[in-house]
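>>> Just a sequence and a predicted model for now, questions to come.
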Amino acid sequence: MAKTYTIDASGKVLGKLASEVAVFLRGKNDTNFANYKVSGNKVTVFNTAKIVYTGNKMENKKYQRYSGYPGGISTIILKDLLEKDPREPLKRAIYDMLPKNTLRSKTIKNLRLYAGEIKKN
C-alpha cells in the first residue's frame, strides 16, 4: 500500500534528513518491503531553503560532474549550488543514498521538493 509522507525540512541537518527520506522512498519502514520493487511511497519535502549545513560545508563541499571529454570536469561548491537552486543538494544526497540500480531513477520520481512553504487550499 503506497503512502504519502510530508516532511518539514526547516532546521534539520542535510544528511539525517536525506537518509530519513531515502528510507521512506524505498519503503523500508513498511512491513511488506521487497528490495526488488518500487514501493510507490510519495515523499514531499518543503522548506528545503531552511536546511542546516554543519561545519564548513558551505565553502568546502564540492559537487563534481564529468562530461567525458578531456578537461570536462565541472565543479560547483555548496554555496553557489544553493544560490542556483536550494532543492538540489537534498535531491543529490537522497539520490546517492538510493541503491545504484535500475530502480533508482524510478524511485526518485516519487520525490517532490519545495524551497518554501506548501500552499494549502
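Cool, the structure landed.
>>> Thr4: what's it in contact with?
41-44 (CB atoms under 8 Å, 6 or more residues apart in numbering). Yep, even glycine has a C-beta here, placed from its N, CA and C like the rest.
>>> which ones among those residues are found in strands?
42-44 (DSSP state E).
>>> Just give the closest residue to Ile7, not the sequence neighbours.
Val45 (4.8 Å; CB to CB, 6 or more residues apart in numbering).
>>> is it true that that neighbour touches Leu113?
Yes: contact criterion CB atoms under 8 Å: Val45 and Leu113 qualify, at 5.3 Å.
>>> Now for those two: what residues contact both?
Leu90.
>>> Those two: which is more packed in?
Neighbours per residue (other CB atoms under 10 Å) separate Val45 from Leu113, with Val45 holding more: 26 against 19.
>>> circling back to that earlier point, which one of the contacts of Thr4 is nearest to Tyr66?
The closest of the contacts of Thr4 to Tyr66 turns out to be Val43 (CB to CB; 29.1 Å).
>>> follow-up on the earlier one: which residues sit in contact with the residue nearest to Ile7?
6-9, 17, 21, 90, 111-114.
>>> again, 6 Å this time
7, 9, 113 (CB atoms under 6 Å, 6 or more residues apart in numbering).
>>> Could you do Ile73 as well?
Per CB under 6 Å, 6+ apart, neighbours of Ile73: 64, 66.
>>> Distance of it relative to Ala93?
21 Å (CB to CB, to the nearest Å).
>>> Which strand or helix spans the most centrally placed residue in the chain?
The residue lying closest to the centre of the chain (CA atoms, centre = their mean) is Lys91, at 2.8 Å. Taking DSSP states H and E as the criterion, the element that holds Lys91 is helix 88-97.
>>> Now do whichever helix in the chain runs longest against helix 88-97, angle only.
Scanning the chain for the longest helix, with DSSP state H as the assignment, gives helix 14-26. Inter-element angle recorded for helix 14-26 and helix 88-97: 60 degrees (by axes from the mean of the first three to the mean of the last three CA atoms, to 10 degrees).
>>> Alright, I will stop here.
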